[in-house]
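# Pasted the sequence and its predicted model underneath.
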Amino acid sequence: MIKEYIRLIKARGYMKRNIPFLYSWHAYVGYELDLYEAFKKPKTINEVATENALKEDLLVRWVEVGGVIGYIKQRSKQRHQTVNRFMVPSSKNNPRSTGVLLKEMMELHIPTLINYPKLMKSTEKENFNQKEHGMVIAQTSSLLEQLAIPRVMKVVKQAKPKTLVDVGCGNGGYLLKLSQKFPKANMIGIELNEEVAEEAQNKCEQQKQINIICENVLEWKPDSKVDFVMLNNMLHYLSPKEREKLFRNIGKWLNKKGTLSIVTPLHNSKHGGPFSSVFNSFFTAFENLYALPSETDLEELAKAAGLKIKKMKPVIKEGGWYQFTLSK
């Protein structure tokens, strides 16, 4: 009897701990189908289902969950409306919507982690598809960018570079903000994904000082020495050997007073242990993604490049993200 009670207590514990998942699931579906926008004004479920070509019975259940967790409110016997809540993501049409993070979690992270038992028994791993997921990753990286850019701005201001290279520039968010603050600096963005590079080019087209290059950064080199290099949220795409090659290359790119700024989540850091460990679990499930570096790893990479870590500041403590400043 005692064993049965223990089993029930454990089962109830699992259920309680998974309640927060309802909020994430509801927000993801609402973002992906733009349902919060559809119910912005009071409407019936039938109206929304008809207007958006959705299965009405499934929409009923989504609305029911929304009512329970407080994201959807019944305004009359038939009509429902989105509640103006802080955690409800904005429309999918908003490029700054936090819904992109939910999309990455639900379509990439969680399915991979659920597949762990199968992967552990398999001789093969997952393959990260840059073309399929590159754009979403670039969009979610812009959320990190918003928190990291003040710190990066400060480092750039101190370095006063005339030339700046952004390795893995994504959709060009860092470059665009920095170019507006430092209009005299010539800037180059290197991006492997063609679609993302094209978006970066379009976003930065008014800033004539920015040049976006779609190329593998391991094969690229500047025409002359540069003053400043940025490496943001990039290291988990590179194997340990590729990291060493890139750092050695960067050491050659930089002039005698050059600076390297790195923004990356860190393994076994003082902050963000739970997130960094689950990031590593996710990355390790792919044959073409790699575990996060530790502080010791970065020190060894810096040494290989002829650089030293001068400063290390947390950017998002909960996620274990840090900004490192390196120089010769």
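Received, thanks.
# contacts and neighbour counts: CA atoms only from here.
OK.
# For the top strand by length along the chain, name the packing helices and strands.
Secondary structure of the chain per DSSP state E: the longest strand is strand 254-265. Other helices and strands packing on strand 254-265, by 3 or more Cα pairs under 8 Å, 6 or more residues apart in numbering; DSSP states H and E, are helix 130-159, strand 226-232, strand 321-327.
# Most tightly packed of these?
Ranked by mean neighbour count, those are led by strand 226-232 with a mean of 23 (mean count of other Cα atoms under 10 Å).
# That one packs against which elements?
helix 130-159, strand 163-167, strand 254-265.
# Go again with 10 Å.
helix 130-159, strand 163-167, helix 173-181, strand 186-191, helix 240-253, strand 254-265, strand 321-327 (3 or more Cα pairs under 10 Å, 6 or more residues apart in numbering; DSSP states H and E).
# Can you tell me which of these is nearest to residue 284?
helix 240-253 (12.9 Å; Cα to Cα).
# Show me what the closest one is packed against.
Helix 240-253 packs on strand 163-167, strand 226-232, strand 254-265, helix 295-304, going by 3+ Cα pairs under 10 Å, 6+ apart.
# from the chain's centre, how far out does that helix sit?
23 Å (Cα atoms, centre = their mean, to the nearest Å).
# ditto for stretch 260-273
The mean C-alpha position of stretch 260-273 is separated from the chain mean by 14 Å, Cα atoms, centre = their mean.
# Make a markdown table from the helices and strands packed on helix 240-253 and add distance to residue 92 and mean pLDDT to it.
Shown next, in a markdown table, are the helices and strands packed on helix 240-253 (distance: least, Cα to Cα, whole Å; pLDDT from 0 to 100):
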| stretch | distance to residue 92 | mean pLDDT |
| --- | --- | --- |
| strand 163-167 | 28 | 97 |
| strand 226-232 | 25 | 96 |
| strand 254-265 | 27 | 94 |
| helix 295-304 | 37 | 95 |
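# could these be laid out in JSON lines, adding distance to residue 246?
JSON lines is the format used below for the helices and strands packed on helix 240-253 (distance: least, Cα to Cα, whole Å):
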{"stretch": "strand 163-167", "distance to residue 246": "10"}
{"stretch": "strand 226-232", "distance to residue 246": "10"}
{"stretch": "strand 254-265", "distance to residue 246": "12"}
{"stretch": "helix 295-304", "distance to residue 246": "9"}
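# rank the helices and strands packed on strand 226-232 by pLDDT, which is bottom?
Ranked by mean pLDDT, those bottom out at helix 130-159, with a mean of 85.
# In JSON lines: the helices and strands packed on strand 226-232, plus distance to residue 54.
Listed next are the helices and strands packed on strand 226-232 as JSON lines, based on distance: least, Cα to Cα, whole Å:
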{"stretch": "helix 130-159", "distance to residue 54": "24"}
{"stretch": "strand 163-167", "distance to residue 54": "42"}
{"stretch": "helix 173-181", "distance to residue 54": "35"}
{"stretch": "strand 186-191", "distance to residue 54": "37"}
{"stretch": "helix 240-253", "distance to residue 54": "46"}
{"stretch": "strand 254-265", "distance to residue 54": "39"}
{"stretch": "strand 321-327", "distance to residue 54": "39"}
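# Tell me which of those lies nearest to residue 28.
That would be helix 130-159 among the helices and strands packed on strand 226-232, by Cα to Cα, at 13.6 Å.
# Which neighbouring elements make contact with the closest one?
By 3+ Cα pairs under 10 Å, 6+ apart, helix 130-159 packs against helix 99-104, helix 173-181, helix 194-203, strand 226-232, strand 254-265, strand 308-316, strand 321-327.
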